[in-house]
Every structure is written in structure tokens, then in C-alpha cells.
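**Q** The sequence and its predicted three-dimensional model are supplied below.
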Amino acid sequence: MPEVTRLFEPIRIGSLTLKNRIIMPALTTLYDYEGGSRYEDFYVERARGGVAMIILNLQALYPGRAGRSGWVPDEEVLRKGALALNHDLYIPRLSRITRALRENGALPCAQLAVYGFWARGGYGAPAEEVSPSGVRLEGPQYRPGLENLSFIRGGRPLEVEEIRMIEREVAAAAARAVAAGFAALELQALGGNLLSRFLSPLTNRREDSYGGSLENRARMLIETVREIKKRVGEDFPLLCRINGDDLLPGGMEVADYCELLPLLEEAGVHAVNVMPGWYETRRPVNQMCVPRAAFVYAAEGLKRVARIPVAANIRITDPLLAERILAEGRADLIAVCSALIADPEWPRKAREGRFEDIRLCTACCNCWSDLAGHRRPIACSVNARAGREGEYVVRPAERPKTVWVIGGGPAGMEAARVASLRGHRVCLFERRERLGGQLLAAALAPHKEEWIHFVRYLETQLRRNGVEVRLNTKVGADEIVAARPDAVIVATGARPLIPAIPGIDGPHVSSCVDILTGRKSAGRSVAIIGGGCTGAETAEFLSLQGKTVTIIEMLPQVAADVDFWNRWVLIDRLEAARIRMIVHAVAREILPGGVRIQVEGREETIEAESVAYAVGARPYSPLLDELRGRFDAVYPVGDCVTPQRVRQAVEAGFRAGMTV
């Protein structure tokens with residue numbers, strides 16, 4: 001059995017000793033906007049899971065971000081509003097959080113977040129957008145959809161007096177963090193936030209002592225570090241989170257950050273936490289198409305010249321991979337974020353050698369899309385309990401039951417897992433030869449192979465929990481009524497919709513799912529009717545085989561159903577592959593050699609040897625109709641109710657397993 005040893009060696013950051021090399025970096029969850037204990041419950045569970053240090057993202061300036069101008073903190077705001085470090089009124093609640101994290105084994109660290117908004121007049125004053133030089137990065141070389149990220153809009157240039165005011169405000173926030181019981185501080189200078197915009201020659205065009213050379217561009221950052229030191233003492237542990245590589249044309253690269261590092265060390269920074277990429281970068285960073293550990297090179301480059309510990313970030317989801325990075329001397333610490341959202345017990349399971357029991361992050365980016373695309377509290381596709389730790393508590397059932405689960409997709413497997421954890425006797429029936437349902441096809445699309453790891457995790461848990469699995473078995477209502485289980489969870493999934501188009505039954509026509517799974521093959525040129533997620537991914541799948549592909553989509557854009565954080569990456573790949581995408585187009589007839597379409601009032605024939613379709617799915621639930629009136633304890637879940645995403649299917653399965 002492989003072992004992890006370096007990962008669990010202690011390490012010092014300044015005067016602080018961490019019990020292992022795993023830290024949870026700062027994360028915006030929006031849980032603290034909702035009141036109650038949701039925020040605390042989320043982080044306490046990760047502390048219990050064995051992480052050494054948890055870094056909390058906390059606004060150092062008032063109001064921190066847009067939409068908060070005129071807001072004055074009071075008891076009602078503290079009960080419902082977001083946590084921050086820009087007022088003493090936050091200290092009592094933050095003190096409770098730091099105490100809870102320490103009691104559960106993790107050291108609390110406060111990230112001093114400095115975004116591009118602040119109110120010079122203090123509380124109740126209007127918020128202003130501010131920047132080094134008023135530069136906003138726009139154009140085809142930058143990521144689309146930036147209108148969703150209001151805090152990077154540029155803003156008016158700061159005056160020198162204001163720069164000094166902001167530095168003192170950040171230092172005051174640091175003092176509040178110490179008063180609240182935090183064991184360490186982290187200064188945020190990455191991603192295109194205010195301090196990183198001063199660092200970059202792309203956004204810092206100043207001609208005074210805060211612009212020009214790297215030393216000048218770093219002046220605000222270094223002065224802020226020194227102001228913090230004045231308030232909290234030279235020895236108080238201080239990290240700095242930097243990009244290491246901006247991933248922007250003309251931005252700072254690893255070599256530039258290597259020049260910055262001695263300035264940080266001299267100023268008294270005790271460790272750097274390296275997370276490449278600005279918000280504006282067009283290069284994929286977090287998505288499933290990014291190879292694991294793709295950005296460790298940035299931490300590795302800094303470590304070669306560093307005299308302080310260096311943490312590596314992004315797509316390090318496997319503890320064995322983390323162990324190898326440390327053993328090879330590429331980093332000193334591993335910052336694990338999304339992997340801890342997916343499985344808060346990641347560290348403990350790794351230490352115990354229970355690698356198959358780790359619910360690995362799939363990099364589906366549902367959490368990112370929730371936050372940046374929809375401005376709602378984050379949720380996890382593979383962990384229904386993320387953000388609901390206090391509500392979704394798996395407890396033993398009052399009376400063990402015999403539970404049948406019909407359907408082995410993600411909803412059915414999760415339902416069986418949770419029901420078995422509660423002590424029920426569970427039997428899972430799947431009509432095909434493998435468990436996984438639609439995830440098996442989804443994992444065959446380009447860059448989507450991470451989904452198969454979730455299927456394997458669920459298979460392992462079913463085996464560990466004693467769930468009886470019967471493959472190649474179709475169950476009817478008569479069998480259920482005769483066997484009389486105590487409850488039946490129906491998770492029979494969905495089937496592809498077949499569009500009512502003349503010629504759809506032609507021998508050269510097939511569903512995109514059949515193409516992905518290899519049940520059907522395609523010719524040298526293919527027309528795909530339906531440009532949603534499945535159609536777009538099938539187009540890329542075929543293009544990689546050297547085929548000429550055209551997507552025909554009725555809506556104004558292709559991949560409209562793809563999450564915010566993934567869509568632009570997929571579209572960039574489709575365009576790079578020269579896949580033709582026709583929108584506002586309706587397929588009128590499938591011909592032996594192509595498809596006749598109507599687009600914007602005119603007709604056109606798309607030549608193609610093969611035609612595939614992906615126009616949606618319909619619930620497949622004949623068993624529910626057969627059981628109606630014959631069996632009462634029936635719980636339908638997943639796509640057999642309404643076709644949705646993996647996250648909704650997993651949560652529905654979890655809730656069913658908790659309910660039976």
C-alpha cells in the first residue's frame with residue numbers, strides 16, 4: 001500500500017508550527033451572508049478532517065466589494081451579514097470561530113482581503129472603485145463574462161495619501177484578527193485584486209514612486225506588510241498569497257515573482273502561498289480540462305530561490321500526488337481547497353491510507369459557477385453536505401429497513417450509500433452491466449474523465465457498507481410487490497429525447513450518447529442537431545478524431561446550458577478546433593447526405609455523412625406508474641423526476657437515503 005509521510009511532517013511558519021503540510025486556502029463561500037451557523041459548521045468539519053491550518057477570506061477594507069455602500073454595521077448585520085475585519089463589531093463572532101477551529105485541531109489564519117472598492121469617508125460613506133491607474137483589461141485576449149466580477153472594473157487612480165490610508169486600514173484589520181484569536185495572517189496580493197494590480201505593469205501605469213520598476217510597483221505591498229508588522233509585532237506569522245504567474249500576456253511571470261520574493265522576505269513575510277492566474281486570464285485554471293498539478297511549476301520556481309516555505313495550489317486533489325510534490329522538493333506545503341469541499345476528511349483518510357475512501361474533487365467547477373456566475377452560496381456536485389453540515393447529519397435509523405434502489409446512476413448510488421450508512425439493508429438493481437448511469441457517458445467526452453473517479457468512489461462505498469448490487473437486472477412492479485421491501489427508491493434516470501424531424505430514423509442518424517459510448521460510429525463529416533452541453537462535447541469528441549463537425553443550435557448561443565465557469569473554456573476549444581457553430585437554426589429535414597436547416601429566414605443544407613442529435617432528455621419512469629396504487633413507500637429521485645445536473649441528482653439521492 002502506498003504511504004504518505006512528507007505530507008504529515010510538521011513545518012514551521014515563522015514562530016508557528018503546523019502539524020502537517022496541508023492548509024486550506026481562503027475561499028469565498030457566501031455562507032456567512034445567511035446567518036445561523038452554516039459558515040462555522042462548514043469550516044469546523046474541515047478542521048475535524050485533519051487539515052493543519054484554515055485560512056478565512058475576510059475583507060480588510062470597508063465596504064470591501066460593490067453593493068455595500070452606505071452600510072453601517074450593527075447587531076442585525078452581524079447576525080445576517082458577511083464577516084469581515086473592517087470593524088471591531090466582528091471580533092466576538094470571529095473569536096468564537098477561531099476557538100472552534102482550534103478545539104477541532106486546525107490553526108485559524110485570517111486572510112486580509114483587499115479588493116478594488118473602499119470608502120474613504122469610512123462607514124456609511126459611498127463606496128468607490130479604485131485602482132493604481134484606472135486601467136481595465138478588456139479585449140479578446142482576456143476571459144469573457146467579466147461583467148459578473150464587478151470588483152475588477154478598474155476604477156479611478158488612488159492618490160498617494162489614499163494609498164497610505166489603505167495600508168493603515170489593512171494593518172488595523174490585522175490587529176483585529178489577532179484580537180479575535182487568529183494564529184496567523186495572510187495578505188492577499190493575487191488574482192487582480194488591488195495589491196496585485198499595483199504589482200502588474202499591465203495595470204500599474206503610474207509615474208510616481210508607486211509605479212515603474214518592480215520595486216516601485218511592489219511598494220504598496222511592502223509598505224502594507226511593514227504596517228502590519230507595526231501593529232501585530234515582527235514575529236507574528238504572516239503569509240502572502242501571490243500568483244507566481246499571472247497567466248496574462250504582458251503580466252508578471254515566475255521570474256518576476258522570483259525578483260519580488262526577496263522584497264517580501266526582507267519585509268518579514270514568513271511564507272508565500274502561490275496561486276497562479278488573474279480573474280481575467282483566458283487560460284483555464286480550475287476546470288476539468290486542466291491536468292492535475294498543472295501549476296506547481298510556479299511554486300517550484302519560487303522555492304528554488306526562497307528562504308521561506310512555499311505552498312503550491314490548484315488541481316492537487318490526490319494525496320499521493322501531493323506527497324510526490326513534497327518529496328520531489330517542488331513545494332513545502334500543499335494548499336487544498338476544492339478537494340476539501342468535496343471531502344472534508346481528505347487529510348485523515350490520506351493519513352490512514354484509505355485512499356479509495358476519498359471523495360475526490362472532479363474539477364466540475366460547480367462551486368466556482370455558483371459563486372462567480374450566480375452570486376449564490378457554493379455547493380458541491382459530489383458532496384451534498386458541503387455547506388449543509390449542520391442540516392445534513394447522517395444518523396442511524398430508528399428501525400433498520402429493507403430498502404431496494406432501482407437504478408445505479410449517481411442518484412441511486414448516493415441514495416444506497418446514505419441508506420446503508422444509516423443501518424438499512426440495501427439492495428441496488430441496475431439493468432446494465434456497470435454502475436454509473438449517465439456519468440459513464442459523460443466521462444467519455446474530452447477532458448471529462450474525472451467523473452469516473454466519483455463513480456469508483458461510490459462503488460467502493462457500496463461495497464464497504466455491505467450494499468448488495470445486482471447488475472444486468474431489470475426489476476418490475478410485480479417483483480417489488482411480491483418481495484415487499486420496506487421502501488423502494490426509484491432512480492431509473494432519463495432517456496435522450498428523439499426530435500420529431502423527418503428522416504430522424506435514417507441509418508446514418510444516432511444520438512450523441514450512442515456516439516460517445518461507441519454504440520454507433522460516425523462518418524468523416526457530422527452534423528449535430530442540438531448544441532447544448534452534450535452536443536458541444538460530442539462535437540469536440542468527433543473533431544479530435546479528425547472529423548469535420550457542424551453544430552446546429554436553435555438558441556442564440558451554443559452550450560447555453562453549460563455552467564458559467566466552464567462555458568467559455570469549452571467554446572474556446574470548439575473555436576480552436578474550427579467546429580462550425582450555427583445558432584438561431586432549426587433542423588427541418590434530415591437528408592441522406594446532410595441536414596436541411598432554416599436559419600434567420602433562409603434555408604441552407606449542411607452536408608454531412610452522419611447526423612447526431614442531442615436535444616435534451618425525458619424522465620424514464622415506467623416503474624413509478626406500475627407501482628402507483630400497489631406500493632406506497634416509493635421515493636423517486638434524480639433524472640426520472642426531472643433531468644438535471646450531477647449536483648441535483650446527488651443531493652436528491654442523499655435526501656432519499658436520509659428519508660427512508
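**A** Cool, got the structure. Residues are numbered from 1 along each chain as shown.
**Q** in which helix or strand would I find Arg12?
**A** strand 11-13 (DSSP states H and E).
**Q** strands paired with the next helix or strand after that strand, and their directions?
**A** Counting by DSSP H and E, the element after strand 11-13 in chain order, helix or strand, is strand 16-18. Sheet pairing of strand 16-18 (DSSP bridges) gives strand 11-13 (antiparallel).
**Q** Report the buried residues of the partner strand.
**A** For strand 11-13, burial by neighbour count (16 or more other Cβ atoms under 10 Å) applies to Ile11, Ile13. Glycine gets a C-beta too; all of them are placed from N, C-alpha and C.
**Q** again, but for stretch 18-29
**A** Leu18, Lys19, Asn20, Arg21, Ile22, Ile23, Met24, Pro25, Ala26, Leu27, Thr29.
**Q** secondary structure element for the residue lying closest to Ile378 once chain neighbours are set aside?
**A** Nearest residue to Ile378, sequence neighbours excluded (Cβ to Cβ, 6 or more residues apart in numbering): Cys367, at 4.2 Å. Using DSSP H and E, Cys367 maps to helix 366-368.
**Q** which secondary element of the chain has the worst mean pLDDT?
**A** Ranking every helix and strand in the chain by mean pLDDT, DSSP states H and E puts helix 75-80 at the bottom, with a mean of 52.
**Q** mind putting the buried residues of stretch 18-29 in a markdown table, pLDDT included?
**A** Shown next, in a markdown table, are these (pLDDT from 0 to 100):
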| residue | pLDDT |
| --- | --- |
| Leu18 | 98 |
| Lys19 | 98 |
| Asn20 | 98 |
| Arg21 | 98 |
| Ile22 | 98 |
| Ile23 | 98 |
| Met24 | 98 |
| Pro25 | 98 |
| Ala26 | 97 |
| Leu27 | 94 |
| Thr29 | 93 |
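**Q** can you tell me which of these lies nearest to Gly329?
**A** Arg21 (12.5 Å; Cβ to Cβ).
**Q** looking at the protein, which residue ends up farthest from its center?
**A** Distance to the chain centre peaks in the chain at Ala482, reaching 45.1 Å (criterion: Cα atoms, centre = their mean).
**Q** What distance do you get for it to Phe631?
**A** Using Cβ to Cβ, to the nearest Å, Ala482 is found at 11 Å from Phe631.
**Q** With Leu439 instead?
**A** 28 Å.
**Q** out of the two, which sits in the busier spot?
**A** Neighbours per residue (other Cβ atoms under 10 Å) separate Leu439 from Phe631, with Leu439 holding more: 21 against 16.
**Q** Spell out which helix or strand contains that one, please.
**A** Here Leu439 is assigned to helix 438-442, by DSSP H and E.
**Q** Send me that helix as PDB with only the CA atoms.
**A** Extracted C-alpha coordinates of helix 438-442, given in PDB (Å, rounded to 0.1, in the frame of the first residue of the first chain):
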ATOM      1  CA  GLN A 438     -25.200   8.800 -17.400                       C
ATOM      2  CA  LEU A 439     -21.800   9.600 -15.800                       C
ATOM      3  CA  LEU A 440     -20.300   6.700 -17.700                       C
ATOM      4  CA  ALA A 441     -21.100   8.500 -21.000                       C
ATOM      5  CA  ALA A 442     -20.200  11.900 -19.600                       C
END
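**Q** quick one: low-confidence parts of the chain?
**A** 1, 65-81, 147-153 (pLDDT under 70).
**Q** Tell me the backbone dihedrals of the residue lying closest to Ile582 once chain neighbours are set aside, please.
**A** Nearest-residue entry for Ile582: Ile552, 5.4 Å, with adjacent residues in sequence omitted and distances by Cβ to Cβ, 6+ apart. Main-chain dihedrals, Ile552, degrees, to the nearest 10: phi -110, psi 110.
**Q** What count of nearby residues applies to Ile552?
**A** 26.
**Q** burial measure for Gly466, as a count.
**A** 9.
**Q** From Trp346, how far out is it?
**A** Taking Cβ to Cβ as the measure, Gly466 falls 24 Å from Trp346.
**Q** now swap in Ala173 and tell me
**A** Distance from Ala173 to Trp346, by Cβ to Cβ: 30 Å.
**Q** do the same with Ser37
**A** 22 Å.
**Q** for Pro157, same thing?
**A** In terms of Cβ to Cβ, Pro157 sits 43 Å off from Trp346.
**Q** Give me the contact list for the strand holding Arg12.
**A** Thr17, Leu18, Asn20, Arg21, Ala184, Pro237, Leu239, His270, Ala271, Pro309, Asp332, Leu333 (Cβ atoms under 8 Å, 6 or more residues apart in numbering).
**Q** Write the ChimeraX selection for whichever of those are buried.
**A** Selection of buried members from these for ChimeraX, criterion 16+ other Cβ under 10 Å:
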select :18,20,21,184,237,239,270,271,309,332,333
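**Q** Using a markdown table, lay out the contacts of strand 11-13 together with distance to Pro556 and secondary structure.
**A** Shown next, in a markdown table, are the contacts of strand 11-13 (distance: Cβ to Cβ, whole Å; DSSP: H, G, I helix; E, B strand; the rest coil):
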| residue | distance to Pro556 | secondary structure |
| --- | --- | --- |
| Thr17 | 56 | strand |
| Leu18 | 51 | strand |
| Asn20 | 50 | coil |
| Arg21 | 48 | coil |
| Ala184 | 49 | strand |
| Pro237 | 52 | coil |
| Leu239 | 45 | strand |
| His270 | 51 | coil |
| Ala271 | 48 | strand |
| Pro309 | 49 | coil |
| Asp332 | 49 | coil |
| Leu333 | 46 | strand |
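**Q** right, and the pair among the contacts of strand 11-13 with maximum separation?
**A** Every pair of the contacts of strand 11-13 checked by Cβ to Cβ; the farthest is Asn20 and His270, at 17.3 Å.
**Q** any chance you could map the helices in the stretch 301-450 of the chain?
**A** 319-327, 338-342, 346-351, 366-368, 374, 410-421, 438-442 (DSSP state H, counting those that start in this stretch).
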